[in-house]
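Participant: Below is the sequence, then the predicted model.
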Amino acid sequence: DDGGGGGGGGNNRNGLPLNKESSILLLEQDLPRTFPEFAFFHDSGTLREVLQTFVCFRPDIGYVQGMSYLAATLLLYMGDAFECFKCFANMLNNHFFFDFYRLQRDKIDIHLQTFDYFFNAKLPVLYNHFKQQDVSSDMYYFEWSLTLLVKFLPINICARVWDSYLLLGESFFIRVGLGILRVFAESLGRMEMDEILHFFLHPLKEIDESALFSAIEDLAISPAQCDRVIKRFEDPNMSKPGPLECNPS
């Protein structure tokens, strides 16, 4: 149920319930860290208004760290607080964000398993290296998903990512994640666990935009393919997805 509201509070990163007051407190802690270089967000109070409205609108979700980056990016391109709130609420009503921001581990695991499935299929050498180094996708892809990469990619690249994500959905976001891994595959393939995790902690300011989108284009995954894999992981009675189909439709 993607759209159902409800009482109670949201969740923090440990999956513990937050009441409205706790959500607002967490929100206030996050605001100064969200795009501190853009005074517009902090001087006008518009970002706070959008997020506080969402906490009241969806107390079953509340505020979760990372939301401020999504709302701020929408504000950056829309300006109007009410229009931004509507778009923000609709984005989070999508099953991809809804599952991540409800912090329900079983639902999140399905998205991580889906990413891993395509990671193994598209970049098997790097996938096996990560496995050998005990680096799992929840160590980086989880954070990428919560902010739709806003914390990690330059804003001009994020704008292009968002355009296609809003059109194509989760399948495109998986391609972006794999595109990042492909661009840095050579260096990541020489790193050990602590170096890999250190790499993922920092924004990818030096990423080559043309190389990234060239990699994304090569890593073809259709929405239909992605949906089929998700359904396989969702249904415990179905066999797990086999090798990637050649037909992307």
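Facilitator: Nice, I can see it. Residues are numbered from 1 along each chain as shown.
Participant: Go through the longest helix anywhere in the chain and flag the buried ones.
Facilitator: Secondary structure of the chain per DSSP state H: the longest helix is helix 105-122. Across helix 105-122, burial judged by 16 or more other CB atoms under 10 Å covers 108, 110-122. All C-beta spots, glycine's among them, are computed from the backbone N, C-alpha and C.
Participant: What's the separation between the residue positioned nearest the centre of the chain and residue 94?
Facilitator: With distances taken as CA atoms, centre = their mean, the residue of the chain nearest its centroid is residue 145 (1.1 Å). Going from residue 145 to residue 94 by CB to CB, to the nearest Å gives 12 Å.
Participant: so what does the one helix or strand residue 47 maps to touch, helix or strand wise?
Facilitator: If you go by DSSP states H and E, residue 47 is part of helix 46-57. Judged by 3 or more CB pairs under 8 Å, 6 or more residues apart in numbering; DSSP states H and E, the packing partners of helix 46-57 are helix 20-30, helix 67-78, helix 81-93.
Participant: what's the angle from that helix to helix 67-78?
Facilitator: 120 degrees (axes from the mean of the first three to the mean of the last three CA atoms, to 10 degrees).
Participant: start at 17 instead
Facilitator: Sure thing, new numbering starts at 17, so read that last one as helix 62-73.
Participant: Residues contacting helix 62-73, please?
Facilitator: For helix 62-73, the external contacting residues (CB atoms under 8 Å, 6 or more residues apart in numbering) are 26, 36, 39-40, 43-44, 47, 50, 56-57, 77-79, 83-84, 87-88, 90-91, 97, 100-101, 104-105, 108.
Participant: Stretch 175-189 too?
Facilitator: By CB under 8 Å, 6+ apart, stretch 175-189 touches 89, 93, 110, 112, 127, 130, 161, 164-165, 169, 192, 225, 229, 232, 237-239, 241-243, 246.
Participant: Mind giving me the ChimeraX command for buried ones among those?
Facilitator: With 16+ other CB under 10 Å as the burial test, the buried ones among these are selected in ChimeraX as follows:
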select :89,112,127,130,161,164,165,169,192,229,232,237,238,241,242,246
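Participant: Let's see which of the contacts of stretch 175-189 end up in helices.
Facilitator: 89, 93, 112, 127, 130, 161, 192, 225, 229, 232, 239, 241-243, 246.
Participant: Of all these, the one with the weakest confidence?
Facilitator: Across these, the smallest pLDDT goes to residue 112, namely 82.
Participant: Identify the residues contacting that one.
Facilitator: Contacts of residue 112 by CB under 8 Å, 6+ apart are 127, 161, 185-186, 189.
Participant: What of residue 234?
Facilitator: Contacts of residue 234 by CB under 8 Å, 6+ apart are residue 198.
Participant: separation between it and residue 138?
Facilitator: 9 Å.
Participant: Residue 211 too?
Facilitator: 23 Å.
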